[in-house]
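# Generate a structure from the sequence data that follows.
(chains A, B and C)
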Amino acid sequence: MSKIIMNRRQLLTTAAAAAGGVSTFFGPWKHNRVLAAASDKPIKIGFTSDASGQYANSGASDRRGMMMAIAEFNEKGGVLGRKIETTHIDTETTPATGSRVAERMISREEVGFMVGAVSSGVANAISQVAQKYGVIYLNTNSSSPTESGKNCHRVKFVWDGNGSNFAQAAVKNAISAYGKKWMLLTNDYGWGHDTAAATKKLLAKYGGTVEDEFLVPQGTRDFSSALLKIQQASPNVVAAAVGGDDQKAMRQQVAQLGMGEKPAWINNQQDWPDVYGLPIENLFGVFGTTWYYKLDLPGVDDFVKRYQAMYPDTKMRVPGNVFYNGYMATKNLLAAIERAGTTNNIAVIKELEGHKMSAADRMQHHDAYIDPVTHQVQQTIYLATGNTGTSDKDDMFKILSNSSPDEVKDEGAPGACALESYDATPTFDA
Amino acid sequence: MTQLAPHIFNGLTLGLLFALIALGFMLIVGVMEVINLAHGSLFALGAYFALTLIGMDPIADTGFGQWWLGLPLAPRYIAALMFAPVLAGGIGMLLELCLRRTYGKAPLYGLLLTFGAGIVIEEIIRLGWGTGEQYLQVPQAINGATFFLGSIYSKYKFFAAGFSVFAILGVWAFLEKTPYGAIIKAGAHDSEMVRALGYDLSKLRLLVFGFGAALAGLAGIVMVPIWGLRPHVGIDVVIPAFLIIALGGVGSFWGAVFASILVGLTVGVTGAYASAWSMMSMYVLLILVLGFRARGLFGRASALEN
Amino acid sequence: MMTLSNISPRSQQLITPQIILLAALLLSAPLWLTAIGLYHYIGLEIVIWLIYAMGFNLLFGYTGLHSFGHGAYLGVGAYAFGLFQQEIAVSLWGGLIAAVAIAGLAGIIVGLFLSHRRGLYFALLSIAFGQIFWFSAIKMRWLTGGEDGLLNIPRPELNLIFTKVDLNDNVAFYYFAAVILLVLVILLWRLVHSPFGRILQAVRQNEMRASFAGYEVWRFKLAAFTISAMFAGMAGGLLAMAQQSAYPDVMAVHQSGLVVMMVLIGGGLISFWGPVLGVILYFVARDVLGGITETWLLWYGLMFVVMVMFRPEGIAGVLQQLKPKSAKDASIRRQVA
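Now for the predicted structure:
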């Protein structure tokens, strides 16, 4: 029985409701929301990452990344002389909860910024509310192409590579290496479908064929009928867009059945928390990622050490891509506030739009930038596979290649995205 | 259609698994005329108890814990398979004690009480075991894949289906072939008779509910390696159990087994043609049947209809 | 045990003191919600769920039909509203009428199957139909947006003849929803005290006797089912506006169970006003307890279990018992007379 992700749990871990009982909230109209213009008041950031459901693990990792960036700024004395405070409410990997949490964060907790997402459905729901109030929202880890396409918003910035980016990095090479007959395994929600659509487009472009597409409902644990279909169709390549715990179960069952080598598996994007600690046999196939803790670049080792110093008790001994995105997004937001010299949302948005980040700062191989048209970070995309040649349990990936942002650009996004104008976006000082 | 055969086989397996899930639910509704909406939570609870019995997390550092974890997985798994359902049965008995307040009132109250109890148990699971996905290990002998008539099947599903057949026959034999079963069945139809024979009806109900809860826990242990283990896994479970009882008819043992296999086959065969809709097919099946036969395929009159 | 008909009907009155109290509470709420640590969106949620729960209690409390799949019609209403805005026209009343009509249509179709059933099989079938709606909403991506939901539903402006009101503001929208709720409450109050309402109660108390009295019982069950589905549809339309999206979650069986819990805890079995108490308690508990402890649902669930065991009449029942004895006697006398 596939699934229901219960929509009922609301954790308030750091609910240090700053304003207390008798706060006044004036509504979303222009210029009348002056939460904290007085400069000694802390800046409040709401974490909207999932703490239960399909992406609970990734949500926790995401949050650790944000916390580390904030801790680093607070150590330096905060931003614009103001300390940064945080609050978190569980979004339960459920869009309806995302909506409600965002309403509550903005009107009751009075946050100035919101950060965090893994599920695209949730990110979508949050960003709709955020746009209504003009609150800047960082989608840290949801990689559905629609997030920076038809569901883009002026207040939303997308920090992960998306399904289209990863597909471009992988599809062409995989056709020539493994063959033209492909089968798609698609998680039955936005990210899965959008990613599958990107893959199909590239297959058509480079002469591949889609034999069959098998939809995997969220919450699937038994993949035997999917695997039976794959066995019957015997494609050259299986392109999977399956995420979270579903993907963990899928990897385990494919490995069990010895189907990891043939056909060839392409997993669009491999989030680190989804595979960390799994046996290396489960890590078959080729997959995409935006960052790896053993990239041979300056600063990476130090970053890993800072992670380990801050989180000595975490089961995950090294940071992964989800942590990295949470960290980078938050750090760049705070830096943008500093550059803007104000917490005015429009000023900060303008500071972020088109912002260039050097390869050294990003600890990636190529320079990156925030696309002013789609609000997606254009960054290096890596392809990797399971690292069988080491006894280091943490060193699970072998990086195969890297592509520059321009090589893997999501061509469909600019046409699909229509950002709201600045005037249509309520403005306030956080 | 050689292509269809594996799907029929898959459906048959699924049907047997559904029967295992429905077994405890059926017992309680058939004998006590209580719709146990906590069935799914007890199912999950059984699996979590097994998880702890296998891993001994709370006392892993003690001498006993070390000795236990030094044993191979197989004996630990078998111990869990035996004792975790007993623990779930104990919780079931506690629930029955609460349920006593609702006897003699409309069946709605039993339904509501167990719905609330289900939520409470689920929350306790979240507190005790956390909200994330967990993995129940199974011994190597029943893990992995096998080829059967040229198609791939998981060995574990064979094990689970076989186990289910064993459990169905066991419960049937208990009800039909032992004096206890006779008393339980008498209690279902004629509580005066049971009392007249000198049996304590309240003790009987306690045992039946405990037994039903234990069966729910047992089904949980067997099913979660296939369906995954998370606090709300029970909700995915109580629905098919529900449908199967409605389809087979309340109070009919073989009706429920037959309905399970029918549902399994429907889901399996639909899966061959329209995989995305396969789970839907069971609801359509139910509506078709109940549209024509109000009491399901083999149901008899029940107080629950009032 | 107390039942609904023990309560004095006051059927002649269009507006009772309770209705005036509710109106005063609802209309003044935006002034004091933030002062007691709540926020406007939660007020909006409460109003919407009140519409849903009060309509549901016509079926659950009055007619005695225990539907566990009623979230389906809430969801259908939400999708109907959203699709109307996106496919036909951006129109407040058009959308709300579509929400009520489509949910009512779904209610009639399902009601035709259910109206000859009672007890266990009614509950079972209501769950099965609820699941079908939920499942279809997830699978029909082309129509509903699947699990991600139907997004970007506008809040159309309210066109009063002399002025236009922008409902994008939560407070303005709250007032709009509260007025709809009040109108529906008055309608419902009339309905349950009309001859129709009395027949529904007769069906609950003894279906057999009601049919011997010459009523075609199934028609009344069908009507009750459809009306409560239409209430759910209206709530769904407003919910789509509140969230500016429609999601399948509300249609899942667990969510349908929640409304049953709310109605019962409040005392819907014995009082017209039970659902009001139940819904407010649930949302305030979710927000206040939920802010203090992660395990609030555990305590809520425990409270529910204890209530079913010892006080199935719910909060309304407790309040009734607190009333001075003489008043109670008087009310019973009045009813007998």
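# Let me know the average pLDDT across the helix or strand containing residue A:229.
Element membership of residue A:229, judged by DSSP states H and E, is helix A:224-233. Regarding helix A:224-233, the rounded mean pLDDT is 82.
# cool, stretch C:39-59 as well?
Mean predicted lDDT for stretch C:39-59 stands at 96.
# So it, near chain B or not?
No: Stretch C:39-59 does not reach chain B (Cβ under 8 Å from any Cβ of the partner chain); its nearest approach is 12.9 Å. To be clear about C-beta, it is placed using only N, CA and C from the backbone, and glycine gets the same treatment.
# After the helix holding residue A:229, which helix or strand is next?
Assigned by DSSP H and E, the successor of helix A:224-233 is strand A:237-241.
# which stretches of the stretch 51-200 of chain C form helices?
Using DSSP state H, counting those that start in this stretch, the helices of the stretch 51-200 of chain C run over residues C:71-83, C:92-114, C:119-139, C:141-144, C:170-192, C:195-205.
# In CSV, could you pull the C-alpha coordinates for stretch C:229-238?
Output of stretch C:229-238 as CSV, limited to C-alpha atoms (Å, rounded to 0.1, in the frame of the first residue of the first chain):
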residue,chain,number,x,y,z
ALA,C,229,-20.9,17.0,1.2
MET,C,230,-22.0,20.4,0.0
PHE,C,231,-20.9,22.0,3.3
ALA,C,232,-17.6,20.2,2.9
GLY,C,233,-17.4,21.5,-0.6
MET,C,234,-17.9,25.1,0.6
ALA,C,235,-15.2,24.6,3.2
GLY,C,236,-12.9,23.1,0.5
GLY,C,237,-13.4,26.1,-1.7
LEU,C,238,-12.4,28.5,1.1
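# Could you tell me which residues make contact with residue A:365?
Going by Cβ atoms under 8 Å, 6 or more residues apart in numbering or on different chains, residue A:365 touches A:295, A:297, A:359, A:380, A:402, A:404.
# Shouldn't it be within a strand?
No: going by DSSP: H, G, I helix; E, B strand; the rest coil, the assignment for residue A:365 is coil, not a strand.
# so where's the chain shaky on pLDDT?
Went with chain A since none was named. A:1-39 (pLDDT under 70).
# my bad, chain C
C:1-12, C:324-337.
# The top helix by length along it close to chain B?
What stands out as the longest helix in chain C, according to DSSP state H, is helix C:217-243. No: residues of helix C:217-243 contacting chain B under Cβ under 8 Å from any Cβ: none, with a closest distance of 12.5 Å.
# Look at the residue positioned nearest the centre of chain A and tell me its secondary structure.
Chain A has residue A:141 as the residue nearest its centroid, 0.7 Å off, counting by Cα atoms, centre = their mean. Here residue A:141 takes the coil state, with states given by three-state DSSP.
# tell me the contacts of it?
Per Cβ under 8 Å, 6+ apart, neighbours of residue A:141: A:58, A:62, A:116, A:117, A:118, A:159, A:160, A:271, A:322, A:325, A:326.
# Name the member of those residues that has the highest neighbour count.
residue A:117 (37 neighbours; other Cβ atoms under 10 Å in any protein chain shown).
# how about the closest residue to that one other than its chain neighbours, what does it touch?
Spatially, and ignoring its direct neighbours in sequence, residue A:117 is nearest to residue A:123 (3.6 Å; Cβ to Cβ, 6 or more residues apart in numbering or on different chains). Contact analysis of residue A:123 by Cβ under 8 Å, 6+ apart lists A:98, A:117, A:139, A:142, A:144, A:147, A:156.
# Tell me how many other residues surround the last one.
When you say that, I think you mean residue A:156. Residue A:156, neighbours per other Cβ under 10 Å, totals 27.
# Beta-bridge partners for it, please?
residue A:137 (DSSP bridges).
# okay but it is in contact with residue A:375, surely?
Yes: with contact defined as Cβ atoms under 8 Å, residue A:156 reaches residue A:375; the gap is 6.0 Å.
# Get me the contact residues on the stretch 251-400 of chain A for chain B.
So far as Cβ under 8 Å from any Cβ goes, the stretch 251-400 of chain A lies against chain B at A:253, A:256, A:257, A:258, A:259.
# Including neighbour count, secondary structure and distance to residue C:280, could those go into a markdown table?
Compiled in a markdown table, those are given as follows (neighbours: other Cβ atoms under 10 Å in any protein chain shown; DSSP: H, G, I helix; E, B strand; the rest coil; distance: Cβ to Cβ, whole Å):
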| residue | neighbour count | secondary structure | distance to residue C:280 |
| --- | --- | --- | --- |
| A:253 | 21 | helix | 47 |
| A:256 | 20 | helix | 51 |
| A:257 | 22 | coil | 53 |
| A:258 | 13 | coil | 58 |
| A:259 | 18 | coil | 54 |
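# all helices of the stretch 51-200 of chain A, in order?
So, for the stretch 51-200 of chain A - with DSSP H, counting those that start in this stretch - the helices run A:56-75, A:95-107, A:120-133, A:163-178, A:190-206.
# That concludes my questions; thank you for your assistance.
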